[in-house]
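**Q** Mind folding the following:
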Amino acid sequence: MPNTLFPTADDVTRARLAKSPTLNLLNGFDWSSTSLGPIASWPDSIRAAVRMMMLSEVPMVLLAGERDGTLIYNDGYAVFAGERHPSIFGMPVLAAWPEIADFNAGNMRRGFAGESWQLSSQELLLDRGNGPAAAFIDLSYSPVAGEDGRPAGVLVIVQEVTESVLAARALEEYREKLDIALRASDMVGTWDWDIEDNLVTADDRFAALYGVSPGQAATGLPIEDFLGAIHPDDRQRAISEISDSLKDAGPVRFEYRILAEDGSVRWVVASGRVITDGKGKAVRLPGVVVDITEERRMAEQLAESEQRFRTLADTMPQMVWSTLPDGYHDYYNARWYEYTGVPEGSTDGAGWNGMFHPDDQERAWKVWRQSLETGDPYYIEYRLRHHSGEYRWVLGRALPVRDAAGRIVRWFGTCTDIHESRLVQEEREVVAQELSHRIKNIFAVIGGIVGLASRSYPEAKAFADSLRGRIFALGQAHDFVRPHSRSSMPRANPATLHALVRELLQPYRLGDAERVHFAGEDVPIDDGAATPLALLFHELATNAAKYGALGSADGRVAITTWMEGGDYHLSWVESGGPRPEATSTGFGSRLMALSVEGQLRGRLERAFDEAGLRVEVTLPLAALSRKAELRQTPERQENQTA
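**A** Residues are numbered from 1 along each chain as shown. Got it, this is the predicted structure:
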């Protein structure tokens, strides 16, 4: 250790000082190559400043000499310099830190002018070996006077505060964002409870909610001043919950009512986190409070609405059920469980399908999947297991509930027991089929009798053949005019109205002569419209054969059809036969009116002109294609024929 800095140091002190890397660097440095010269020639004030600096742990640097500001620094500053150390030791300051040369030059001028000053959180762009990076530094400048009283150097205390500045900026940015979010919500407040000092600091929104002064809330108030705003019916519970929450670190949540000074009541949720010290003792509880009054009100209204729905559903004679948008069954009313006898909840999800007759399960799944995929109404008849163990026929219906965007949010459906009516329908169908069979047998017997008679009278064979053809045609027409179910509907229905009428009027031909003439536009019809149309034309043809044009060899019928707008018009005009007398409305007239106006929702007008009867019919085109309520869904048709 050279005597120039510590000439009287004992061995112990010298050994301790020798542990400083920077002091060893100073002792071995060739100062004669600098403007300062050897250490022995330094002013006493400079040597004293260097001694003080080398013994300090605080980062310090001495800018020695007004001409160069030669760098002399301690171990703390060496750490600050990073990879610039030790190359900058003993260099002029402007050359050592060229990226901030202008900054250092200005400070040199101020320091050697005898000025002392401080810079707080000074931002500098420094390259300390890893590329330029922003650094924030607290700097304290003090001139070191020589024997002539003029500054011989400038001592700088350097404290880097980059981490704290960046953390403070991030915290401030976070607070600004939080404040913007809180103000935008207009329902949220923040607090921070110092548990040890029992002081709660809060923002103005929190203060307003709890009825305390914003200024006092900002500086801190005992928690009791805030607890007084809790509704008396909730206060003791809330205090107990808060006390219990302090036993362990972690998140907490409290829900209670606030009683405002004007008597209004607000529901709030206070959420926070208990922070403990190293011994597990709760020391802080910061958090936020959210006004949930509207949410509570809506939840109560929803619960009340759901209760009304369940009460209404449980009093309905039908079984009521509901599913999620994906078809998951999550609700059945009491009637379902009474009817099926299954434990509550056992048919949730896909368990409902197991309640169907095994022969109906695949069909039921198919129809239900079709509705889920398309959003079409659900309509099906199937056999459901009754609590007695019997499978009974039920009618299942369901409609989707959609939100404002058209998305399905839920399905609501019903099941109605139709077992008795189904049995009556089946019995009626058996009777109708038997009656139809007997009538057709009568046609066959008559045809056979005519055939036998013609053998005895060969000269009448042509007449007999014609008569037998008409009888056979009447038998075919009978298939369209008798009441039908979906299962008994003739499979070979004519596809258009003209084709249907031609088939019905075959019995009234005279040899090869056409007595019915068509003009105008034809229109497709389906099996649902065929029966009422067949009844109409069968009645017209029968009356024409009895009293009008088809009862005379010279009689003719002209049928003219055309479309106009959404309607289909049909005109039936008789000529060449006896002029029928207008009669009072009988069964046949009522039957025609029922077919046109009742089943097809059209209009029918009759008039007796000089030439004969004229009938004008107007039908909605939708009735002929069986749209909307006039047509059963394909699913129902499939169910009734399955």
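
**Q** Please count neighbours and contacts with C-alpha atoms only from this point.
**A** Will do.

**Q** What average pLDDT does the host helix or strand of Ala15 get?
**A** Applying DSSP states H and E as the criterion places Ala15 in helix 11-17. For helix 11-17, mean pLDDT rounds to 86.

**Q** neighbouring contacts of the lengthiest strand in the chain?
**A** The longest strand of the chain (DSSP state E) is strand 132-145. Here strand 132-145 makes contact (Cα atoms under 8 Å, 6 or more residues apart in numbering) with 45-46, 49, 111-112, 114-127, 151-162, 165.

**Q** Only whichever of those are buried, select them in PyMOL.
**A** To isolate the buried members of the contacts of strand 132-145 in PyMOL, using 16 or more other Cα atoms under 10 Å:
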select buried, resi 45+46+49+111+112+114+121+126+127+151+152+153+154+155+156+157+158+159+160+161+162+165
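
**Q** Can you flag which of the contacts of strand 132-145 belong to strands?
**A** Per DSSP E, the subset of the contacts of strand 132-145 in strands is 117-127, 151-160.

**Q** what ranges do the strands span in the stretch 451-600 of the chain?
**A** 516-520, 556-564, 567-575 (DSSP state E, counting those that start in this stretch).

**Q** which stretch in the ones you listed has the least confidence?
**A** Among the strands of the stretch 451-600 of the chain, strand 516-520 carries the lowest mean pLDDT (a mean of 88).

**Q** Sheet-wise, list the partners of that strand with their directions.
**A** strand 556-564 (parallel) (DSSP bridges).

**Q** Pull out the buried positions in the strand it pairs with.
**A** Arg556, Val557, Ala558, Ile559, Thr560, Thr561, Met563.

**Q** Next, the angle from that strand to strand 567-575.
**A** 160 degrees (axes from the mean of the first three to the mean of the last three Cα atoms, to 10 degrees).

**Q** Which helix or strand lies directly C-terminal to the helix holding Ala15?
**A** Heading C-terminal from helix 11-17 (DSSP H and E), you reach helix 21-28.

**Q** buried sites along stretch 335-345?
**A** Buried residues in stretch 335-345 (16+ other Cα under 10 Å): Arg335, Trp336, Tyr337, Tyr339, Thr340.

**Q** same check, this time on stretch 413-427
**A** So for stretch 413-427, counting by 16+ other Cα under 10 Å, buried means Gly413, Thr414, Cys415, Asp417, Ile418, His419.

**Q** excluding its backbone neighbours, what's nearest the last one?
**A** Same thing as His419. Trp393 (4.5 Å; Cα to Cα, 6 or more residues apart in numbering).

**Q** Then Glu196?
**A** Closest to Glu196 by Cα to Cα, 6+ apart is Val283, at 5.8 Å.

**Q** List the contacts of the one you found.
**A** Asp194, Ile195, Glu196, Val274, Ile275, Thr276, Asp277.

**Q** Now for the last one: which residues touch it?
**A** It stands for Asp277. Going by Cα under 8 Å, 6+ apart, the list of residues near Asp277 reads Val283.

**Q** Next, give phi and psi for it.
**A** Backbone dihedrals for Asp277, given as degrees, to the nearest 10, come out at phi -90, psi -170.

**Q** Next one: it from Leu285, what distance?
**A** Applying Cα to Cα, to the nearest Å, the value for Asp277 to Leu285 is 12 Å.

**Q** Same check on Ala364?
**A** In terms of Cα to Cα, Ala364 sits 58 Å off from Leu285.

**Q** Please apply the same query to Ala444.
**A** Counting by Cα to Cα - Ala444 and Leu285 are separated by 100 Å.

**Q** These two: which is more packed in?
**A** Higher neighbour count among Ala444 and Leu285: Leu285, with 24 against 16, using other Cα atoms under 10 Å.

**Q** wait, is Gln370 part of a strand?
**A** No. With DSSP: H, G, I helix; E, B strand; the rest coil as the criterion, Gln370 is assigned helix and is not in a strand.

**Q** Now for the closest residue to it other than its chain neighbours: which residues touch it?
**A** In space, and not counting its chain neighbours, Gln370 is closest to Asp376: 7.7 Å by Cα to Cα, 6+ apart. Counting by Cα under 8 Å, 6+ apart, Asp376 makes contact with Gln370, Leu399, Pro400.

**Q** Could you rerun that using 10 Å?
**A** Asp376 is in contact with Trp368, Gln370, Ala398, Leu399, Pro400, counting by Cα atoms under 10 Å, 6 or more residues apart in numbering.

**Q** follow-up on the earlier one: give me the buried stretch members for the longest strand of the chain, please.
**A** So for strand 132-145, counting by 16+ other Cα under 10 Å, buried means Ala135, Phe136, Ile137, Asp138, Leu139, Ser140, Tyr141, Ser142, Pro143, Val144, Ala145.
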